[in-house]
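**Student:** Pasted the sequence and its predicted model underneath.
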Amino acid sequence: MKHSLKIITILFLSICLFSCAPSVEGEQEDWQRNLAKVPQLMEDYPTFSSVIKLQFNKAQEAMKATEAISDPEQKAEAMSAANDLISDSFVGKLASVQSRIERIGDQQDKLGSMRMKTTVVKKAESALERSNKAVRLARNTVAKGAETIEAAEESVGEMNSELITAESRLSSAIRSAKKSMKEKKKVKKASN
């Protein structure tokens with residue numbers, strides 16, 4: 001029994017390792033997406049355009065260095081690191097700002113239109129207040145921009161974190177409001 005479990009575990013880990021490992025083709029596709037994304041972000045966020053360009057130049061240098069690597073696994077790893085200079089940096093976070101703000105707006109509208117018990121109102125008000133603050137911070141951050149990569153990483157990282165927290169709190173408040181409405185309906189149904 002223990003032996004079978006070990007074999008299954010080893011097989012599972014092997015499959016994960018080999019299927020999750022980057023490939024040269026996959027990384028090349030990611031690079032093409034990054035090539036298309038960067039100019040659009042520079043246009044959408046002109047106050048960040050100079051630092052986006054600096055970060056992109058670093059990524060291009062890293063990608064160019066991969067041309068000298070002949071081993072496919074090592075090349076894919078190096079290409080992945082070059083892509084991460086875009087996707088895992090402030091540049092990748094900037095790419096998601098607008099969609100996060102839109103989702104927050106949708107969640108705010110949904111929460112604002114819900115009828116809820118008074119016990120949930122305080123949580124909802126707090127979530128709405130926090131989300132408004134996060135959106136203001138995002139707009140201020142985008143308007144201000146950044147002069148250096150380090151400043152961009154810090155300001156965009158903080159903005160992204162606040163937006164994620166706001167989304168999470170709104171989702172939690174919506175779940176609580178839905179739960180309280182279900183309970184209210186049960187009580188009403190039981191009393192009839």
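**Tutor:** On my side now, so go ahead.

**Student:** care to break the protein down by domain?
**Tutor:** Structurally, the chain divides into domains by automatic domain parsing as follows: 25-95, 97-191.

**Student:** residue contacts, Met159?
**Tutor:** 93, 97, 134, 137-138, 141-142 (CB atoms under 8 Å, 6 or more residues apart in numbering). For the C-beta atoms, the positions are set from N, CA and C on the backbone; glycine is no exception.

**Student:** Which ones among these map onto helices?
**Tutor:** 93, 97, 134, 137-138, 141-142 (DSSP state H).

**Student:** before we move on, the earlier item: now render the domains of the chain as a markdown table, adding mean pLDDT.
**Tutor:** Shown next, in a markdown table, are the domains of the chain (pLDDT from 0 to 100):
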| stretch | mean pLDDT |
| --- | --- |
| domain 25-95 | 95 |
| domain 97-191 | 92 |
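
**Student:** contacts for stretch 169-181?
**Tutor:** 104, 107-108, 110-111, 114-117, 119-120, 123-124, 126-128, 130-131.

**Student:** May I see the PyMOL selection of the buried members of those?
**Tutor:** A single PyMOL command suffices to select whichever of the contacts of stretch 169-181 are buried according to 16 or more other CB atoms under 10 Å:
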select buried, resi 104+107+108+111+114+116+120+123+124+127+128+130+131
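
**Student:** Could you give the backbone dihedrals for Lys89?
**Tutor:** I think there's a mix-up here, since residue 89 is Ser and not Lys. When read as degrees, to the nearest 10, the backbone of Ser89 gives phi -100, psi -170.

**Student:** Helix or strand for the nearest residue to it once chain neighbours are set aside, just tell me which one.
**Tutor:** Nearest residue to Ser89, sequence neighbours excluded (CB to CB, 6 or more residues apart in numbering): Gln55, at 5.7 Å. Gln55 belongs to helix 49-65 when assigned by DSSP states H and E.

**Student:** re the thing from before, looking at the ones in helices among the contacts of Met159, which has the most residues close by?
**Tutor:** Highest neighbour count within these, by other CB atoms under 10 Å: Ala134, with 24 neighbours.

**Student:** can you tell me how far that one sits from Lys178?
**Tutor:** 22 Å (CB to CB, to the nearest Å).

**Student:** now swap in Ile149 and tell me
**Tutor:** Ile149 is 43 Å from Lys178, by CB to CB.

**Student:** before we move on, what about Asn83?
**Tutor:** For Asn83, the distance to Lys178 - CB to CB - is 39 Å.

**Student:** Please say which of those two ends up with more neighbours.
**Tutor:** Legend: neighbour count by other CB under 10 Å for Asn83 and Lys178, higher for Asn83 (23 against 14).
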